[in-house]
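>>> Give me the fold of what follows.
(4 chains)
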There are 2 protein chains.
Amino acid sequence: MSDRDYLGEFEHIIVLALLRLEDRAYGVTVRQEIERRTNREVSIGAIYATLDRLEAKGYVKSRRGDPTPERGGRSKRFFRVTAKGMTAVNRTHRALHRMTEGLDLIRSYS
Amino acid sequence: MSDRDYLGEFEHIIVLALLRLEDRAYGVTVRQEIERRTNREVSIGAIYATLDRLEAKGYVKSRRGDPTPERGGRSKRFFRVTAKGMTAVNRTHRALHRMTEGLDLIRSYS
DNA sequence: ACATTATCTATACAATATAGAGTAAATGCT
DNA sequence: AGCATTTACTCTATATTGTATAGATAATGT
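Sure, this is the predicted structure:
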C-alpha cells in the first residue's frame, strides 16, 4: 500500500495492457491484449481480481461506460492508470533494469 | 510448477541477482546485491524462502561451500540458476518485452 | 569451553494469482 | 411486454508467492 511498493508480476502485465489500450481498456480487451501479445491464457476472473486490487491501491481508476450500439451486452467498466500507477510501473521497471543491465546471458529488454 | 510458468516479481529479482553474482551467490550476497542495486530493503528470511521455492521448482540449485578463513561464520550455501531457470527468466522477459514495446509513456528498459 | 560472528532454518502470516460459476445489463424479436 | 441472446462483470474459493521474526547451527579465536 505504501508508496514504495512494486507491482506484482501479473499486476505489471495488466498495467502495461491498460497503457497500450488507452481509452479502450476494459476487462475483455485487457484479457485479449495479454493473450495476444504473450500467448498466455488468463481467466477473466484473474483479470478483474487484479484490476480491483490495483484500484484499491490507487494505481488505476475505473469508470462505467455508456452502452455501445452493438447487439447487446452490459455496459463496460473502463480502466485507466493513475499518476500513482505510473510511478509504480516506473519504479518496477527501474528495479528490473538495474538488476538486468550488463547481464549478457539474458535476452535484453530493448 | 509447469514449464509455462512465469517468475513472480521477487523471484525474478532474485534470479537476476544470482546471474550477476555468478559463483559468489549465497544468501547474504544476494541480499546485498538487491539492496544495493534497487534500494529495496529485504529481510534475509524473504531471500531464503524464495530461494527454497525456486529450488523446489528446479529453477536454481544449491550446494554447500567450504568454510572460509574468516573470523567465524557458518559455511555458505551457494546457488546457481539451472537451464530450466534460464528458460523461465527468458520467458518472463519476453512477455514483459512484448507488453512494453512501442509504449513511449514508459521509461524504456534499454 | 565459551563468546563472537556469520549464516541458515522454521514458522507464520499477508498479499497476489488463478479458476470457474454465477449474475447483470443491454438489445432484438415475437 | 416477455424472453432469448449477447456481452460483460461479480463473487467465492483456493493455491501460490512474498515477507518478517525468531531461533538454530557452524566456524573461529581466546
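>>> how about the residues of chain A near DNA strand D?
Within chain A, the residues that sit near DNA strand D (Cβ under 7 Å from any atom of the strand) are A:6, A:8-9, A:26-28, A:44-45, A:48-49, A:70-77. Every C-beta, even on glycine, is put in place using the N, C-alpha and C of the backbone.
>>> Among these, name the buried ones.
Taking 16 or more other Cβ atoms under 10 Å in any protein chain shown as the criterion, what is buried in these is A:Tyr6, A:Gly8, A:Glu9, A:Tyr26, A:Gly27, A:Lys76.
>>> Of the residues you listed, which is the nearest to B:Tyr59?
Distance to B:Tyr59 across those (Cβ to Cβ) is lowest for A:Glu9, with 14.1 Å.
>>> how about the strands in chain A?
Taking DSSP state E, the strands of chain A run over residues A:60-64, A:77-81.
>>> Which strands or helices does the last one pack on?
For strand A:77-81, the packing partners by 3 or more Cβ pairs under 8 Å, 6 or more residues apart in numbering or on different chains; DSSP states H and E come out as helix A:9-21, strand A:60-64.
>>> which of the residues in the longest helix anywhere in chain A are buried?
Assignment by DSSP state H gives helix A:83-100 as the longest helix of chain A. Within helix A:83-100, the residues that qualify as buried are A:85-86, A:88-89, A:91-100, counting by 16+ other Cβ under 10 Å.
>>> Can you lay out the residues you listed as TSV showing distance to A:Gly65?
Converted to TSV, those look like this (distance: Cβ to Cβ, whole Å):
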residue	distance to A:Gly65
A:Gly85	19
A:Met86	22
A:Ala88	25
A:Val89	24
A:Arg91	30
A:Thr92	28
A:His93	29
A:Arg94	33
A:Ala95	34
A:Leu96	33
A:His97	35
A:Arg98	39
A:Met99	39
A:Thr100	38
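>>> For DNA strand C, tell me which of these show up nearby.
Restricting the buried residues of helix A:83-100 to those near DNA strand C - Cβ under 7 Å from any atom of the strand - leaves none.
>>> What residues does chain A have near chain B?
A:4, A:6-9, A:12-13, A:16-17, A:19-20, A:34, A:37-38, A:40, A:86, A:89-90, A:92-100, A:102-103, A:105-110 (Cβ under 8 Å from any Cβ of the partner chain).
>>> if we can go back for a sec, output the strands of chain A in TSV; the columns should cover mean pLDDT and distance to DNA strand C.
Listed next are the strands of chain A as TSV, based on pLDDT from 0 to 100; distance: least, Cβ to the nearest atom of the strand, whole Å:
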stretch	mean pLDDT	distance to DNA strand C
strand A:60-64	95	8
strand A:77-81	96	11
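>>> from these, which stretch is densest packed?
Ranked by mean neighbour count, those are led by strand A:77-81 with a mean of 19 (mean count of other Cβ atoms under 10 Å in any protein chain shown).
>>> Where does the prediction get shaky in chain A?
A:1-3, A:69, A:105-110 (pLDDT under 70).
>>> what about 80?
Residues of chain A that meet the criterion pLDDT under 80 lie in A:1-4, A:66-73, A:105-110.
>>> Spell out which residues of it are next to DNA strand C.
A:1, A:5, A:8-12, A:41-46, A:48-50, A:53, A:57, A:67, A:69-75.
>>> List the ones among those residues that fall in helices.
Those of the residues of chain A next to DNA strand C lying in helices (DSSP H): A:Glu9, A:Phe10, A:Glu11, A:His12, A:Ile44, A:Gly45, A:Ala46, A:Tyr48, A:Ala49, A:Thr50, A:Arg53.
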